[in-house]
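S.K.: okay, structure incoming, though there's no sequence with it:
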């Protein structure tokens with residue numbers, strides 16, 4: 001008689017509950033920032049229904065802010081540039097989709113539904129987990145939680161923008177950034193991820209004032225790709241740890 005299967009089930013359930021708590025925490029912090037988007041989008045000249053439409057169907061915070069910012073600075077004449085900027089920022093979701101494919105699993109409808117929720121936060125929460133079950137829970141809880149909360153807060157910001165004043169005064173942007181930092185910090189255990197994080201942040205900061213929105217993020221991401229591809233500053237054979245059951249299924253050590 002062995003207690004190992006029972007222990008494994010309990011451990012997996014515990015990891016899933018932790019992923020759910022993390023997902024709900026990130027969803028709350030990020031959703032609150034939707035008030036900023038609603039208020040800024042209406043201030044930029046978009047109607048309430050246009051603002052809500054973007055959150056319902058576009059649902060990529062960075063792209064939405066880029067679109068509203070460019071339109072606000074140049075009016076409808078700037079629409080082509082706004083679309084280009086938003087599209088550039090949205091390109092990163094393609095990379096997220098490829099990385100999340102093993103987590104989502106097979107099935108057309110499952111993948112179609114997941115595409116709407118594959119964003120920065122759901123990817124970050126999912127990949128921060130160590131088991132396949134926890135990664136799946138983290139992805140869906142975070143993605144759906146943010147989608148619902150973001151759309152509700154977008155509507156609130158669009159309707160109450162004038163009453164709220166400058167939404168940045170409430171520090172909502174800092175809350176979203178803090179949530180990301182909390183997910184990133186435990187993964188900075190080796191020289192390579194630390195170097196990648198610092199280099200990408202510095203590069204994006206330097207390029208933001210001189211390039212159109214979207215390009216600094218993509219160029220900074222190239223740093224991570226190059227460093228990972230060449231394993232610069234990494235130990236020989238070092239790679240990201242896959243969740244236990246993913247590694248087992250794929251025959252990884």
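M.R.: Nice, thanks for sending it over. Being a predicted model, the structure only gives us computed values, none of them experimental.

S.K.: where does residue 106 land in three-state SS?
M.R.: coil (DSSP: H, G, I helix; E, B strand; the rest coil).

S.K.: for it, give its distance to residue 139.
M.R.: Distance, residue 106 to residue 139, by Cβ to Cβ, to the nearest Å: 15 Å. No exception for glycine: its C-beta is placed from N, CA and C like everyone else's.

S.K.: show me where the stretch 51-200 of the chain has its helices.
M.R.: Here the stretch 51-200 of the chain has its helices, by DSSP state H, counting those that start in this stretch, at 61-74, 79-90, 92-104, 108-117, 120-127, 132-164, 172-184, 191-207.

S.K.: when residue 106 and residue 139 are compared, which one has more neighbours?
M.R.: residue 139 (27 against 8; other Cβ atoms under 10 Å).

S.K.: how about the nearest residue to the more buried one, chain neighbours excluded?
M.R.: residue 126 (3.9 Å; Cβ to Cβ, 6 or more residues apart in numbering).

S.K.: what is the burial count for that neighbour?
M.R.: Neighbours of residue 126 (other Cβ under 10 Å): 28.

S.K.: OK, contacts around it?
M.R.: 19, 100, 103, 135, 136, 138, 139, 142 (Cβ atoms under 8 Å, 6 or more residues apart in numbering).

S.K.: taking those together, which two end up most distant?
M.R.: Farthest-apart pair in the contacts of residue 126 is 19 and 100; separation 14.1 Å (Cβ to Cβ).

S.K.: understood, closing this out.
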